[in-house]
Structures are given as C-alpha cells and as structure tokens.
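**Q** Sequence first, then the predicted structure, then my questions.
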Amino acid sequence: MEFKDYYKTMGVSREATQDEIKRAYRKLARKYHPDVSKEKDAEKRFKEVGEAYEVLKDPEKRAAYDQLGMNWKAGQEFKPPPDWDANFEFSGGFTEGDGAAFSDFFESLFGRNFGGVGGFTHGPRGHPRGSFQAQGQDHHAKIQIDLEDAFHATTRTLTLQVPEIDGTGHVSTHERRLNVQIPKGVRHGQHIRLSGQGGQGIGQGRAGDLYLEIEYKPHPLYKVEGRDLYLTLPVAPWEAALGAQVKAPTPQGTIDLKVPAGSVSGRKLRLKGRGIPGATPGDLYVVLQIVLPPGDSDKAKALYREMAEELSFNPRSRLGV
Amino acid sequence: MIMKREIISGLIVDEQMSLSIEELCRACRVSREWVLELVDEGILEPRRRERGVIYFAGTSLQTIQRISRLQHDLQINLAGAAVVLDLLQEVERLRARLARFE
C-alpha cells in the first residue's frame, strides 16, 4: 500500500500547531462536504481529509505518525515496520466508529487499537447512543441507476463491503452481493427500504433494514428536474418557420413530433405524462433549438445570400440599432 | 444444482410512506429527543399520531440524514442547519435548471 502524507492532504506544514490543523480541517470540511460541495470527487476528498485529521488532531497518533513518516514520501510503497508504535499508547480511541471508511494505510497503523467500538457502517450521529437494542442496525448504501431503469422495474446487483471485527480487533471486510429490484418510478435521491437486509439482530431481535439511496447517472440526452424531463431537440430553420413532423427520442422509444409553424428557439413542447412514471407521472418537455446549416459550400453560401437579400430582416431592430 | 437467484424488493421511501419516530431514529441513528427538537424547530412536521406513536412522511428520512450530517460534520447548530437545508434545496433546483442549458 501507499504511504499517505496527511500534512499534504490538509495543506499544513509538519510544524503546524493543533489550532492550525483544526482550522485547516474546518475549512476543508466545508469545502468538500458532499452535501454542500460543488467539487467533483467531493466525497473522496472529504474522506481523505477526515482521515488525515483523525490522525493529526490527536497528539499521540500525530507523534507516532510523525516518527514513522520521517523516512517516507506520499505514494511510496509502504509497509509498517513491526513494533513501529512500541513507545506509543493510544488512549484517544476514535471519534467516529466508521472504521470501514479508513484507508488500508490507516488501518495498518491504527487498526489494531479499535477497542471494540461498534457501528462500522456509519457511526452514531447527532446524539450519543441510546440503550442496548436487540434489533439489528439499519444500514445505508447508494446505488447508481440509468434514467431508463426508472421507467420499468429492473433488477440490479449491489455489492456491499461488510466490515467485521475479528477476535483480535482487526477489521476485515467481506463482500455481500444482493439482487435488488429497482421499482418503477423511483427518483434521484429517494431511498428504497429493504426490510431485514441490514445488520443482524442481537439475541431474539430481528435484523435491521437496508436503506438504498438511488442516484441517477447523468444522461446524455435528458435533464431531470423532479419528475419532469427536458430534452433539447435541434430543428432546422425551415422546420421551425414552416412547421414539420420530426422524430424525437424519448426514454420509451422514438416518437413522431409535430413542430408548430412559427416556432422560435427555446420553445417548449410539453409531452404530458412522458416524464418519470408515478401516481402523477411527470412530463417530458421538448425544448426546440434552431440550428443553422453550415455555410461551408458554395451552394449554401448562395442560398444564405439570397435569403439575406430577399428577406428584409433585422434581428436587432428592437435594440434600436 | 440450480442456484436460485433471489431478488429482493423494497418500497420507495416517499411521500406516500409513513415512518414512525422509532423507525426513523433507528434508520438514522439519532435519538428521539433530537428528532423532537427538529419538530420544535419547524424542520419536520409529524403526519399523524396513532395510539401514542408519532408518524412522519417518508421524505423525513432524507431530511434527518442531511441535518444530522450537517450538524455532525460541519458543526452547524440546528437553526443554522435548517437554513442550510432550505438553501441546499434551492441550489439543487437551480443547478438542475442550469444543467438544462449546458
């Protein structure tokens, strides 16, 4: 595995004070938090920053990491020397029981010191844990689907990494594959609740649920707004001016569309009920975009000149020029 | 031997679904007290009360997860998180709209 330079990740010098590190974290957390960030790879960066901070904010872990890191550069092939932390004692534990989210590098250094904190998929948030519960924990996962999948129920295979602690406190993950039915009409950001597919129950308790968050892959043709879809449809100038029957794609197949005469660029044609299915299905809006034939041949140039001469047309008249 | 390919299905957690406060707390790993704080703050509205159990619309799941993340990850207080939530919804709406023109 690779050595990770946590100072570099956080953009601080090795001599940074704890306050400086805290400030750097706050700033980066705001920048890369997946809920608010507009950066791509936000989730990945947020995790990296979180891991770096987990080590650097704890003076004990930081000291151990510093000593180890003296001889290593980011990206170098790395293996922790045996007893590398022989003189350090980690009493701090972990802020977040999200062990599975840490890298192999982190695990190899600090994984042993877990101290049995439960909750490996997502740590407790918002409030300290309540009393002992017999029902298994609920788990969360995300799955990407194509827009077309929402138009008819489809089956997807989901591969989950399930973390486990063994007797010695080591975290390992095993793969779990599930065949999940994606219901018709599910929208981006919605969850599907899979009963009993979460964490195992304790004692007589039943298993928890698995909540699957749906993410639409960006579609090359259609833009999604809630239940509605938007399609930009290029049309020729004569089609818009004179009207025409044209073919248009839809998620359910190609259709024949009537372009009304006298259409302007940007005109929206509403295809009711052809959006995302549901109790009230959304609509598909076809937005006309007039495109010009290129004036790259002599013939085309001649036709354009004829139009310029025959039609008295000033597109800038309402600007007063 | 024929391998049976088991297909698991579930329900969409949407407006139509109702979740009890207990189910929400378990799903989101939050306390009951905290969820009631969200109600006090006007962020969540209970849908109905049946035999002493409070039910919320399924969409509350997403709201709770978001606010919980904002509070936990970015140290935003509840009132601030409520404002951020509204702004985020607006931003998402605008981004989707903008994506149409790109």
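**A** Looks like it arrived, so ask away.
**Q** since we're on the nearest residue to A:I21 once chain neighbours are set aside, how many residues are nearby?
**A** Nearest residue to A:I21, sequence neighbours excluded (Cβ to Cβ, 6 or more residues apart in numbering or on different chains): A:L56, at 5.0 Å. All C-beta atoms are positioned from the backbone trio N, CA, C, and that covers glycine. For A:L56, the tally of surrounding residues (other Cβ atoms under 10 Å in any protein chain shown) stands at 25.
**Q** ok, now the one 3 residues further on?
**A** Residues near A:P59, counting by other Cβ under 10 Å, number 10.
**Q** Assess the claim that the residue nearest to A:I21 and A:R62 are in contact.
**A** Yes - using Cβ atoms under 8 Å, A:L56 is in contact with A:R62, at 5.1 Å.
**Q** that older thread, please name the residues that touch the residue nearest to A:I21.
**A** Contacts for A:L56 were tallied using Cβ atoms under 8 Å, 6 or more residues apart in numbering or on different chains; they are A:Y6, A:Y7, A:M10, A:V12, A:I21, A:R62, A:Y65.
**Q** Would you map the strands across the chain?
**A** Picking chain A for this. For chain A, strands defined by DSSP state E occupy the ranges A:139-145, A:154-165, A:171-182, A:191-194, A:210-216, A:222-225, A:228-235, A:244-248, A:255-259, A:268-271, A:284-290.
**Q** Please refer instead to chain B.
**A** Under the criterion DSSP E, strands of chain B are mapped to B:7-8, B:11-13, B:18-20, B:48-50, B:53-57.
**Q** Who are the packing partners of the first one?
**A** This points to strand B:7-8. Secondary-structure packing of strand B:7-8 (3 or more Cβ pairs under 8 Å, 6 or more residues apart in numbering or on different chains; DSSP states H and E): strand A:171-182.
**Q** Would you pull up how far the strand it packs on lies from the middle of the chain?
**A** Distance of strand A:171-182 from the chain centroid (Cα atoms, centre = their mean, to the nearest Å) equals 19 Å.
**Q** before we move on, what about stretch A:209-222?
**A** Distance of stretch A:209-222 from the chain centroid (Cα atoms, centre = their mean) equals 9 Å.
**Q** repeat for stretch A:215-226
**A** Distance of stretch A:215-226 from the chain centroid (Cα atoms, centre = their mean) equals 13 Å.
**Q** in that stretch, what counts as buried?
**A** Residues of stretch A:215-226 classed as buried by neighbour count (16 or more other Cβ atoms under 10 Å in any protein chain shown): A:Y216, A:Y222, A:K223, A:V224, A:E225.
**Q** got it, and stretch A:63-76?
**A** By neighbour count on 16+ other Cβ under 10 Å, the buried set for stretch A:63-76 is A:A64, A:Y65, A:L68, A:G69.
**Q** ok, back up a step: just name the most buried of the strands of chain A.
**A** Mean neighbour count (mean count of other Cβ atoms under 10 Å in any protein chain shown) peaks for strand A:191-194 among the strands of chain A, with a mean of 23.
**Q** near chain B at all, that one?
**A** Yes - with Cβ under 8 Å from any Cβ of the partner chain as the criterion, chain B is reached by strand A:191-194 at A:H191, A:I192, A:R193, A:L194.
**Q** tell me the two of those that are most distant?
**A** The span of those, defined through Cβ to Cβ, is set by A:H191 and A:L194 at 9.7 Å.
**Q** overlap in contacts of these two?
**A** Residues touching both A:H191 and A:L194 (Cβ under 8 Å, 6+ apart) are A:Y211, A:L212.
**Q** Return the set of residues that bridge with A:A244.
**A** Beta-bridge pairing of A:A244 under DSSP bridges involves A:V259.
**Q** OK, contacts around it?
**A** Neighbours of A:A244 in contact, by Cβ under 8 Å, 6+ apart: A:V235, A:A236, A:W238, A:K258, A:V259.
**Q** before we move on, the earlier item: so which of the contacts of A:L56 wins on neighbours?
**A** A:Y6 (26 neighbours).
**Q** out of everything not next to it in sequence, what's closest to that residue?
**A** Once flanking residues are discounted, A:Y6 sits nearest to A:A52: 3.8 Å by Cβ to Cβ, 6+ apart.
**Q** For that neighbour, the count of nearby residues, please.
**A** Neighbour count for A:A52, taken as other Cβ under 10 Å: 25.
**Q** if I pick it, what's in contact with it?
**A** For A:A52, the contacting residues are A:K4, A:Y6, A:Y7, A:T9, A:M10, by Cβ under 8 Å, 6+ apart.
**Q** Let me see the confidence value for the closest residue to the fourth one other than its chain neighbours.
**A** If I follow you right, that is A:T9. Among residues not flanking A:T9 along the chain, A:A52 sits closest, at 4.2 Å (Cβ to Cβ, 6+ apart). At A:A52, the model reports a pLDDT of 94.
**Q** Quickly note the distance from A:A52 to chain B.
**A** Applying Cβ to the nearest Cβ, to the nearest Å, the value for A:A52 to chain B is 15 Å.
**Q** Which residues does stretch B:63-71 contact?
**A** A:33, A:35-36, A:125-126, B:24, B:28-30, B:35, B:38, B:43-44, B:76-78, B:81-82, B:84-85, B:88.
**Q** All set now, cheers.
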